[in-house]
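Q: Quick one, what's the 3D model for this:
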Amino acid sequence: CDHRDRYINLHQFVYSLNPSVCSNTSVFLMLVIHSATGNARKRELIRKTYGSEAKYKGRTLAHVFMLGTTNDDRVQNSIINESKLYGDIVQGNFPDIYTSLPRKHIMSMDWYLRHCNSSYILKLDDDVFINPYRVVDFLTGGHLDQGTMYCTTITGGKPKRHSTSKSYVSYEEYPFNIYPSFCLGYAYITTPGVWHLMHEVSKNSKSLRMDDVFVSTALAMKAGVQKVDFGKIIFDCRYHMKDLNKETLQKKAIVMDRVYFCGHHPFTYWGLIKED
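A: Next up, the predicted model:
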């Protein structure tokens with residue numbers, strides 16, 4: 001029998017909602033935001049803040065939200081209305097649950113490669129705050145390697161072995177005690193070329209439950225993609241919560257909030273850091 005996954009390996013994605021955000025413009029930076037079906041509020045917050053920025057220094061920015069399916073008709077109807085209103089929702093054909101994150105990641109690549117083109121891609125989760133001006137400055141400021149993922153790299157990370165953990169990984173799935181260096185999935189910047197290579201090698205790759213580990217180790221290694229740490233453009237809420245202010249958010253490109261220390265606070269500064 002065929003052990004290949006319909007989505008990870010065979011890419012049998014069907015898009016019930018498929019916006020035309022990329023149809024006729026040359027987009028410089030495409031924000032591909034993983035969102036859950038019930039997270040309408042988070043999407044609204046992004047649209048009102050950095051998602052509202054369509055141009056900076058003559059460069060076009062665009063965004064889409066990546067969703068799976070829901071069994072809740074009320075939620076689905078509100079997603080359809082949201083999609084009609086904003087035209088920024090991509091909905092695939094598998095259940096939107098935590099264990100589907102690897103599928104959603106491959107779906108993002110698949111949808112992007114079929115329907116989009118941009119110089120750069122910024123993959124985000126829907127609770128992450130970014131300063132779009134500093135992201136563009138980072139991308140235009142120096143020579144960025146085309147075959148690279150820029151991310152927060154984790155070295156010496158260990159699989160969660162408690163079966164009650166939502167991130168549980170069995171020894172059967174991953175027999176080693178330490179992961180290779182990987183990118184945290186909350187945010188990374190890369191190029192269409194990298195996604196094209198990863199999308200290709202995913203056809204012959206066994207999925208891992210942790211989508212960020214799967215993409216940035218298994219797929220990246222097979223595809224020959226380098227990982228480079230973001231370095232100083234990150235604001236880390238865990239250690240610097242007290243420095244969360246207008247001045248800091250004007251300087252940093254991406255807010256990292258792994259344990260939700262800052263919550264939605266960074267979003268409240270948008271009015272102060274928004275540039276004309």
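Q: Show me which residues of stretch 233-245 are buried.
A: By neighbour count on 16 or more other Cβ atoms under 10 Å, the buried set for stretch 233-245 is 233-237, 240, 244. C-beta coordinates here come from the backbone N, C-alpha and C atoms, glycine included.
Q: what's the span of it from first residue to last?
A: End-to-end distance for stretch 233-245: 15 Å, by Cα to Cα, to the nearest Å.
Q: Any idea how far it is from the middle of the chain?
A: Centroid separation for stretch 233-245 versus its chain: 20 Å, with Cα atoms, centre = their mean, to the nearest Å.
Q: pLDDT of that stretch, averaged?
A: Across stretch 233-245, pLDDT averages out at 93.
Q: what sits up against that stretch?
A: For stretch 233-245, the external contacting residues (Cβ atoms under 8 Å, 6 or more residues apart in numbering) are 134-135, 138, 152, 248-249, 252-262, 265-266, 269.
Q: Same check on stretch 71-78?
A: Contacts for stretch 71-78 (Cβ under 8 Å, 6+ apart): 37-38, 40, 69-70, 95.
Q: and with 10 Å instead?
A: Stretch 71-78 is contacted from outside by 16, 36-38, 40, 67, 69-70, 79, 91, 95-96, using Cβ atoms under 10 Å, 6 or more residues apart in numbering.
Q: Would you agree I33 is in contact with V21?
A: No - the pair I33 / V21 is not scored as a contact, 11.7 Å apart, by Cβ atoms under 10 Å.
Q: Pick out whichever of the two has more residues nearby.
A: When neighbours are counted by other Cβ atoms under 10 Å, I33 and V21 differ, and I33 comes out ahead with 26 against 20.
Q: May I have the host helix or strand of I79 as PDB, with CA atoms only?
A: With elements taken from DSSP states H and E, the one containing I79 is helix 73-86. Below are the C-alpha coordinates for helix 73-86, written out as PDB (Å, rounded to 0.1, in the frame of the first residue of the first chain):
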ATOM      1  CA  ASP A  73     -20.400  26.000  10.100                       C
ATOM      2  CA  ARG A  74     -20.600  29.200  12.100                       C
ATOM      3  CA  VAL A  75     -16.800  29.600  12.000                       C
ATOM      4  CA  GLN A  76     -16.700  28.600   8.300                       C
ATOM      5  CA  ASN A  77     -19.400  31.200   7.300                       C
ATOM      6  CA  SER A  78     -17.500  33.900   9.200                       C
ATOM      7  CA  ILE A  79     -14.300  32.900   7.300                       C
ATOM      8  CA  ILE A  80     -16.100  33.100   4.000                       C
ATOM      9  CA  ASN A  81     -17.300  36.600   4.900                       C
ATOM     10  CA  GLU A  82     -13.900  37.600   6.100                       C
ATOM     11  CA  SER A  83     -12.500  36.400   2.800                       C
ATOM     12  CA  LYS A  84     -15.000  38.400   0.800                       C
ATOM     13  CA  LEU A  85     -14.200  41.500   2.800                       C
ATOM     14  CA  TYR A  86     -10.400  41.300   2.800                       C
END
